[in-house]
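1. Just a sequence and a predicted model for now, questions to come.
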Amino acid sequence: MESGGKIVMERYELGRLLGKGTFGKVHYARNLESNRSVAIKMLDKEKVLKVGLSEQIRREITTMRLVAHKNIVHLHEVMATRNYIYFVMEYVKGGELFDKIEKSGKLTEAAAHKYFQQLISAVDYCHSRGVYHRDLKPENLLLDENENLKVSDFGLSALSESKRQDGLLHTSCGTPAYVAPEVISKTGYDGAKSDIWSCGVVLFVLVAGYLPFRGSSLMEMYQKIQLGDFRCSSWFSHKLKKLLYKILDPNPSTRISIQKIKESTWFRKGPGETHAVKDRIPRESATTIAAPTLAARHKKNSHEDVKPLTVTNLNAFEIISFSAGFDLSGLFIEKECRKEARFTSDKPASAIISKLEDVAKTLNLRVRKKDNGVVKIQGRKEGRNGVLQFDTQIFEITPFHHLVEMKQTSGDSLEYQKLLEEDIRPTLKDIVWAWHGDDQQHKQV
């Protein structure tokens, strides 16, 4: 039976549910012939086709068939029926590396060194096959029963033939806190160099227990990423700091290569005995900086395939809203005082800007400036605290999905909140897919 039963394609016996997402479920399963344990991702064909994700599914299948490495989750086979697509994959029982960090606060340099070596080995292999992952993060790194790392989730990967004539990739994708600055700039990027950057962020998170680039808003975080504005914690060894500054170089042309990473002293020899004892972050620090950020997810599972199903969640575009480090403002700012609001849209940027202009006209507001995806909107009268103004910035997540951030820059906060809730939200309903960060989510159907 295709769903809700115990047998799939007369070959696999379904077991417990490992996770579920918008387009299907992931089950533990057993091969009836070999008795081998596997994980089966079941995707609903109708839903996949409805939202135009068939090309992404094909790319993921092609990519996973290209890469066969001990530190990469293995795809055994792909099957399909009239209603479902089945990914039969290696079952990785140790869970996500993310969960390990969340549980312990941070890892020792020795432990991080082991995982980083395995990560670089897997990524180097992918690049040798012309495959660029583009979404490397602790949630997509699994651990097997022997604590060995396995790279998973190739749903956002790209192949070398995806490059344009300039030899670069141009699709902006990935998880905001882990993406390279050149991906944000949308001028084209080298898939290998952007993956190296993400590996550097992962390494930092493993040893620090929190993200290197943080801000109270997405724009602030992006600004720090583009400047390479981060600091290593005091417990990092000198050799590790030296390597991280070379990896997290905002200039891709001078960023260290994988070959040079392999030749670095820290990569070859590790931190040494002086860092073998775990130097934990004080719990207060870990709680205020790392733990809430890492814990703010809707899933708690032990298998990699839950995330691919939620990555394309149309309800709140979970690739952004539920990813670690997307928005830290909720940790420090009460909801009533927050000056920014965000929503996702499936409309092109031009349509979003046009709608914003219409809304401004309807509400008797003035559009002051449109530049680089930023629309500045201003009131026409003095308020209780000067003239109200807010900036609306549009971020391209994929060619068909945009994140829109609206942030008050001047005027009275209460006046802005009233305008936002009573007037702006209702008038934007035609372009809004989902509002972010609200208890009710302000979902548009």
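-> Okay, I see it. Just so we're clear, the structure is a prediction, and the values are computed from it rather than from any experiment.
2. Show me the shaky parts of the stretch 251-400 of the chain.
-> Where the stretch 251-400 of the chain drops to pLDDT under 70, the residues are 273-339, 369-373, 397-400.
3. rerun that using 90 as the cut-off
-> Where the stretch 251-400 of the chain drops to pLDDT under 90, the residues are 270-355, 357, 366-376, 378, 380-387, 389, 391-400.
4. swap in the stretch 51-200 of the chain?
-> Low-confidence segments of the stretch 51-200 of the chain (pLDDT under 90): 51-68, 75, 80-85, 93-96, 98-99, 102-105, 129-135, 139-140, 152-177, 183-191.
5. what about the strands in it?
-> Taking DSSP state E, counting those that start in this stretch as the criterion, the stretch 51-200 of the chain contains strands spanning 75-80, 84-90, 131-132, 141-143, 149-151, 158-159.
6. Let's have those in CSV, adding mean neighbour count and distance to residue 177.
-> From N, CA and C alone the C-beta is placed, and that goes for glycine too. What follows is the strands of the stretch 51-200 of the chain, written out as CSV (neighbours: other CB atoms under 10 Å; distance: least, CB to CB, whole Å):
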stretch, mean neighbour count, distance to residue 177
strand 75-80, 15, 27
strand 84-90, 21, 26
strand 131-132, 26, 19
strand 141-143, 24, 15
strand 149-151, 23, 18
strand 158-159, 18, 20
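7. Tell me which of those lies nearest to residue 204.
-> Comparing the strands of the stretch 51-200 of the chain against residue 204 with CB to CB, the closest turns out to be strand 141-143 (14.0 Å).
8. The closest one packs against which elements?
-> The helices and strands touching strand 141-143, judged by 3 or more CB pairs under 8 Å, 6 or more residues apart in numbering; DSSP states H and E, are helix 97-104, strand 149-151.
9. Counting neighbours, what do you get for residue 368?
-> 12 (other CB atoms under 10 Å).
10. For it, give me its contacts.
-> Residues near residue 368 by CB atoms under 8 Å, 6 or more residues apart in numbering: 376, 377, 378, 389.
11. Turn the helices and strands packed on strand 141-143 into TSV, columns for distance to residue 6.
-> TSV is the format used below for the helices and strands packed on strand 141-143 (distance: least, CB to CB, whole Å):
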stretch	distance to residue 6
helix 97-104	28
strand 149-151	27
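12. Please identify the deepest-packed of those.
-> strand 149-151 (a mean of 23; mean count of other CB atoms under 10 Å).
13. Who are the packing partners of that strand?
-> On a contact count with 3+ CB pairs under 8 Å, 6+ apart, strand 149-151 meets helix 109-128, strand 141-143.
14. How many residues are close by residue 241?
-> By other CB under 10 Å, 14 other residues sit near residue 241.
15. surely residue 248 meets residue 230?
-> Yes: in this structure, residue 248 is within contact of residue 230 by CB atoms under 8 Å, at 6.4 Å.
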